[in-house]
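A.B. asks: I'll drop the sequence and a predicted model, then ask my questions.
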Amino acid sequence: MAQHLSTVSWSSNRIDTFGIGTDNACYHKWWDGSRWGGWESLGGTFSSPVAAWWDGSRWGGWESLGGVLTSSIKAVSWGSNRLDIFARGTDNACYHKWWDGSRWGGWDRELGVEADRFFARGTDNACYHKWWDGSRWGGWESLGGVLNSGVEAVSWSSNRLDLFALGTDNACYHKWWDGSHWGGWEKLGNNTFFSAISAASWSANRLDLFGVATDKNVCLHKWWDGRSWEGWESLEGILISELRNY
């Protein structure tokens, strides 16, 4: 499936991951707390930003959200019936689009306060961080590193952040904020990947990572159980391009 996977958790012990198959359709695989389901096709043919939704009983159809983008889409929800998505435009600026419960707003360059921090790779390939302090946006600060992908960020607790990105060797690297300082970049094994790692957390001190291996295009999964990192395991599936989570 996709060279970049998208992953989300909506409940304890539940993970859903998405990717694009060799037929350019969207595929879905899920963990229900005891086992992995198989890859299922959600249809579609992808070359532009799209959105789909699960209403608790069925999948809705695919709809275009327009825009002319030069990056994948990052998404966040801060409340019931609210979605905010972010992507890079052709001018390399950050653009924002939102769902307010009844309709989609247009793409704009105003970040607002829908997400309180952003992470991105700079033109020098270092990781950069920008945050909202409650009254204004701070400037971009460098978190170092020499990255070969975008940055994936996930939080499993108040005052905790975990970042994941590919290094110049295409291996997965990890950096974290513990509430008082940033740890250094650490390498998570020797497996190599096509593009940015996808991450999700379904409970405190739990992290699940997904990536598409460079050797066989298969989906690999790695997790932190609160004490240690487990090794990368294959979830099979042949993936080819990217889709982002909602």
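C.D. replies: Looks like it arrived, so ask away.

A.B. asks: Next, the closest residue to Gly38 other than its chain neighbours: phi, psi?
C.D. replies: Leaving aside its chain neighbours, Gly38 sits nearest to Lys29 (7.0 Å; criterion: C-beta to C-beta, 6 or more residues apart in numbering). No exception for glycine: its C-beta is placed from N, CA and C like everyone else's. With angles defined as degrees, to the nearest 10, Lys29 sits at phi -140, psi 140.

A.B. asks: Also the one 5 residues further on?
C.D. replies: With angles defined as degrees, to the nearest 10, Ser34 shows backbone torsions of phi -130, psi -20.

A.B. asks: hang on, the earlier thing: list the contacts for the residue nearest to Gly38?
C.D. replies: Listed by C-beta atoms under 8 Å, 6 or more residues apart in numbering, the contact set of Lys29 reads 16-18, 36-40, 219, 235, 237.

A.B. asks: Just the buried ones from those residues?
C.D. replies: Those of those that meet the buried threshold are 16-18, 39, 219, 235, 237, by 16 or more other C-beta atoms under 10 Å.

A.B. asks: Check pLDDT for those residues and point me to the minimum.
C.D. replies: Lowest pLDDT within those is found at Gly237 (61).

A.B. asks: Any figure for the gap between Lys29 and Arg103?
C.D. replies: Noted for Lys29: a distance of 31 Å to Arg103, by C-beta to C-beta, to the nearest Å.

A.B. asks: And the pLDDT for the residue nearest the centre of the chain?
C.D. replies: The residue lying closest to the centre of the chain (C-alpha atoms, centre = their mean) is Ser198, at 4.6 Å. The model reports Ser198 with a pLDDT of 85.

A.B. asks: ok, it touching Leu207?
C.D. replies: No - judged on C-beta atoms under 8 Å, Ser198 makes no contact with Leu207 at a distance of 11.3 Å.

A.B. asks: Could you list the low-pLDDT ranges of this structure?
C.D. replies: Scanning the chain for pLDDT under 70 picks out the ranges 1-5, 47-52, 78-79, 110-116, 216, 237-246.

A.B. asks: Point me to the residue sitting farthest from the middle of it.
C.D. replies: Distance to the chain centre peaks in the chain at Ser135, reaching 26.6 Å (criterion: C-alpha atoms, centre = their mean).

A.B. asks: where does it land in three-state SS?
C.D. replies: Put simply, Ser135 is coil when judged by DSSP: H, G, I helix; E, B strand; the rest coil.

A.B. asks: got it, and the one 10 residues further on?
C.D. replies: Classification of Gly145 into helix, strand or coil gives coil, according to three-state DSSP.

A.B. asks: can you list the domains in the chain?
C.D. replies: With domains defined by the TED database, the chain comprises 1-63, 65-115, 117-245.

A.B. asks: starting at the chain centroid, how far to the first one?
C.D. replies: Computed by C-alpha atoms, centre = their mean, to the nearest Å, the separation of domain 1-63 from the middle of its chain amounts to 13 Å.

A.B. asks: before we move on, back to that, please convert the contacts of Lys29 to a markdown table, extending it with secondary structure and distance to Glu152.
C.D. replies: A markdown table is the format used below for the contacts of Lys29 (DSSP: H, G, I helix; E, B strand; the rest coil; distance: C-beta to C-beta, whole Å):
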| residue | secondary structure | distance to Glu152 |
| --- | --- | --- |
| Asp16 | strand | 16 |
| Thr17 | strand | 13 |
| Phe18 | strand | 14 |
| Trp36 | strand | 21 |
| Gly37 | coil | 23 |
| Gly38 | coil | 25 |
| Trp39 | coil | 21 |
| Glu40 | strand | 24 |
| Cys219 | strand | 15 |
| Leu235 | strand | 17 |
| Gly237 | coil | 19 |
